[in-house]
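Q: the following comprises the amino acid sequence and a computationally predicted model.
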Amino acid sequence: MAKKAQKQPQPDVSSRAAEVSRKVAKRGAREGRRAFRRFVRLTLDMTRTVLGVGQRRVNRRNNRTTIGRYINDIITLAETAHLLGLRVNLSEVLVEPRFLPEPDVVEPVDTDDVLQEVFYVIPRQPDLLELVAPYNLPSFRIEELTAGNRRIAILGAPGSGKTTALMAIALWALREIAFPEKDDPVKRRIEEEIDQLTDRERKGRERKREEMLESARVELENAIERGEVANTELITSAAEAYEAEQMAGLEQLPPFETLTPIYIHMADLNVSAGAFGPEIDPAEPLMRALQRSVSTLTARTIPRMIYKRLETNQALILMDGYAELPPAEQARVRAWLGAFLAQYGKNFIIMTGPEQGYGALTQLDITPLFIKPWNQNEREEYVAKWADLWPEITATRKEEGKEISTSLRKRALNNSHGITPAELTLKLWSAFSSEEATYQLSEWIEFYLQSQLPASQDYAEILPLMSITGALQTDLGFMTRRGIEVLVQQQEATGSAGISGETLAQLDTDGDGVADEDTDPAEEDDDEAFDAEDEAALRRSRLVQTLVFAGMLQRFRGGRYRYRHSILSDYLASLTLTDLPE
């Protein structure tokens with residue numbers, strides 16, 4: 001007799017229904033949080049736009065127009081795009097940036113020829129520009145950049161002020177700042193001596209000058225007759241005719257004041273073929289990146305205006321962050337940049353780049369200019385601006401601000417030779433804020449990190465996690481929340497704070513979680529990647545958001561983050577290095 005087939009155990013319907021209900025409720029809660037974030041963000045943007053709340057300065061433009069809202073957003077971005085942007089406006093402590101041309105190629109010189117360049121003995125090393133700081137090398141001002149090529153790359157080492165230079169150009173183009181001519185003590189002394197002369201002495205000097213000019217003219221004519229010197233009049237007339245012929249075929253470049261600044265960070269550029277297809281307007285990735293730099297309301301209304309500016313060659317395009325991209329992403333950006341220049345190359349384009357390895361940019365007809373390092377006068381000017389502004393920074397409703405004494409100014413200025421503007425900023429922040437004297441860069445960075453965090457956050461508790469974020473940025477260029485979780489799990493498993501080669505290869509292979517498609521910034525920070533029961537992961541996720549609100553982290557496309565300055569990530573990454581034995 002055949003045995004009866006045994007019945008398969010049926011799943012508990014009630015438990016499965018409860019599981020489905022739990023998942024639906026969890027998904028509904030996530031969607032609700034997303035919708036609430038979008039609503040709150042849009043409401044805050046509209047409130048700030050209409051009422052001007054949240055602006056660090058009183059804007060003098062109409063907030064109700066598209067161009068007015070856009071200009072206000074660019075001004076706010078430029079004023080806050082520095083290490084202490086949440087404390088001080090950039091224009092209040094800005095020192096005029098100047099630029100040095102690329103060093104000339106060394107050529108053999110005949111010993112009989114007269115050297116015309118008096119600075120030929122000064123070493124011009126692109127990666128050691130601090131060597132030329134004490135010398136008054138010829139340099140370009142912002143207003144002089146329009147006299148040359150429309151495509152410029154501002155080059156320099158990290159901390160030299162490349163991003164600050166871009167923001168200064170944007171503010172100068174919007175007439176928010178002005179750089180008066182510096183006082184020349186030699187010229188002032190000569191003018192004072194001339195003013196003290198009597199009328200008889202002044203007429204005697206003028207007569208002597210005329211006699212010298214006449215003698216030089218006669219000597220030049222005699223040299224031309226003897227055949228020793230070519231006829232300079234013919235040479236001059238030929239040169240002027242050639243220059244006029246060349247200028248006739250070129251369009252006159254408008255000054256910066258008539259152009260519309262467009263600032264983007266290249267980490268926000270999505271130039272992958274899968275995002276837009278094989279054929280697309282090269283301005284579309286630029287527009288998407290620009291929309292991430294402005295408020296939500298402005299981003300929805302500016303496309304038509306920006307496209308019109310690009311098509312009529314009335315845009316001043318400022319592109320930052322090329323040196324921060326991984327090599328593979330740099331290659332994709334260069335390919336896109338070539339296509340963009342071919343169609344919109346008559347606009348004025350200024351980008352930042354590294355102090356070495358910029359040859360690929362010159363192949364795109366981009367003129368390299370280096371950031372001029374600060375001399376003693378410029379360092380003194382910077383310290384004076386911070387010291388004069390310090391009472392306003394430290395003032396509260398109950399107490400007046402702290403005055404900076406002359407001795408403290410001198411102490412902050414001591415041993416400032418050879419350090420970058422970023423390092424000097426950290427030094428001033430530490431020297432003026434702390435009662436104790438600090439002398440090392442590590443002490444300045446430690447004080448800055450502690451002062452920027454909320455008072456409720458324990459610095460010693462989160463320092464190990466911050467060091468992991470610094471190591472991730474140093475090795476891969478950017479950090480993501482997923483990358484942080486992978487490194488934390490590796491540290492818990494192996495006890496090593498460094499990044500293993502296997503982990504590094506894994507994160508680097510899959511792009512470290514960078515999405516190809518453009519995502520809503522409100523969705524990038526969603527906590528659905530972490531289980532609600534994993535409280536430690538949620539706390540780490542909240543820490544990233546805290547660092548963003550504190551102004552130390554910047555958020556980019558695809559859920560990527562970077563410390564505002566690489567000097568911070570490099571220091572934090574150094575804390576993960578293995579201690580050597582005594």
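A: Done, it's in.
Q: helices and strands of the chain: which one bottoms out on pLDDT?
A: Lowest by mean pLDDT, DSSP states H and E among the helices and strands of the chain is helix 521-524, with a mean of 42.
Q: show me where the protein has strands.
A: 99-101, 151-155, 260-265, 315-320, 348-353, 367-371, 553-556, 560-563 (DSSP state E).
Q: contacting residues around the residue nearest to residue 303 when sequence neighbours are not counted?
A: Once flanking residues are discounted, residue 303 sits nearest to residue 287: 5.8 Å by CB to CB, 6 or more residues apart in numbering. Glycine gets a C-beta too; all of them are placed from N, C-alpha and C. Shown in contact with residue 287 (CB atoms under 8 Å, 6 or more residues apart in numbering): 303, 306-307.
Q: can we see that at 10 Å?
A: Residues near residue 287 by CB atoms under 10 Å, 6 or more residues apart in numbering: 262, 264, 281, 299, 302-303, 306-307, 310.
Q: okay if I get the strands of the chain as JSON lines plus mean pLDDT?
A: What follows is the strands of the chain, written out as JSON lines (pLDDT from 0 to 100):
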{"stretch": "strand 99-101", "mean pLDDT": "90"}
{"stretch": "strand 151-155", "mean pLDDT": "94"}
{"stretch": "strand 260-265", "mean pLDDT": "94"}
{"stretch": "strand 315-320", "mean pLDDT": "95"}
{"stretch": "strand 348-353", "mean pLDDT": "94"}
{"stretch": "strand 367-371", "mean pLDDT": "92"}
{"stretch": "strand 553-556", "mean pLDDT": "90"}
{"stretch": "strand 560-563", "mean pLDDT": "92"}
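Q: nearest to residue 431, of those strands?
A: Taking CB to CB, strand 560-563 is the member of the strands of the chain nearest to residue 431, at 22.2 Å.
Q: now what about that closest one, what contacts it?
A: For strand 560-563, contacts defined as CB under 10 Å, 6+ apart pick out 265, 267-268, 321, 324, 449, 466, 469-470, 472-474, 476-481, 483-484, 511-515, 524, 544-545, 547-548, 552-556, 568-572.
Q: just for the stretch 251-400 of the chain, where's the confidence low?
A: For the stretch 251-400 of the chain, the stretches with pLDDT under 70 are 251-254, 273-278.
Q: swap in 80 and give it another go.
A: The stretch 251-400 of the chain contains residues with pLDDT under 80 at 251-257, 272-279.
Q: and the stretch 101-250 of the chain, by the same measure?
A: Using pLDDT under 80, the flagged stretches of the stretch 101-250 of the chain are 103-131, 147-148, 181-188, 190-191, 224, 226-250.
Q: cutoff 90 now
A: 101-140, 143-150, 159, 175, 177-207, 209-250 (pLDDT under 90).
Q: going by distance to residue 173, which of the contacts of residue 287 wins?
A: Once CB to CB is applied, the member of the contacts of residue 287 that ends up nearest residue 173 is residue 262, at 10.6 Å.
Q: for that closest one, which non-adjacent residue is spatially closest?
A: Nearest non-adjacent residue to residue 262, counting by CB to CB, 6+ apart: residue 317, 4.9 Å away.
Q: residues near that neighbour, how many?
A: 24 (other CB atoms under 10 Å).
Q: so it versus residue 147, what's the distance?
A: Between residue 317 and residue 147 the distance is 18 Å, computed by CB to CB, to the nearest Å.
Q: and what of residue 267?
A: Residue 267 sits 31 Å away from residue 147, going by CB to CB.
Q: neighbour-wise, which of the two wins?
A: Under the criterion of other CB under 10 Å, the comparison of residue 267 against residue 147 puts residue 267 first, with 25 against 8.
Q: who's in contact with residue 437?
A: By CB under 10 Å, 6+ apart, the neighbours of residue 437 are 408, 411-412, 430-431, 443.
Q: cool, and residue 349?
A: Listed by CB under 10 Å, 6+ apart, the contact partners of residue 349 are 149-153, 262, 315-319, 337, 340-341, 364, 366.
Q: hmm, 6 Å instead?
A: For residue 349, the contacting residues are 151, 317, by CB atoms under 6 Å, 6 or more residues apart in numbering.
Q: do residue 367 as well
A: Contacts of residue 367 (CB under 6 Å, 6+ apart): 149, 152.
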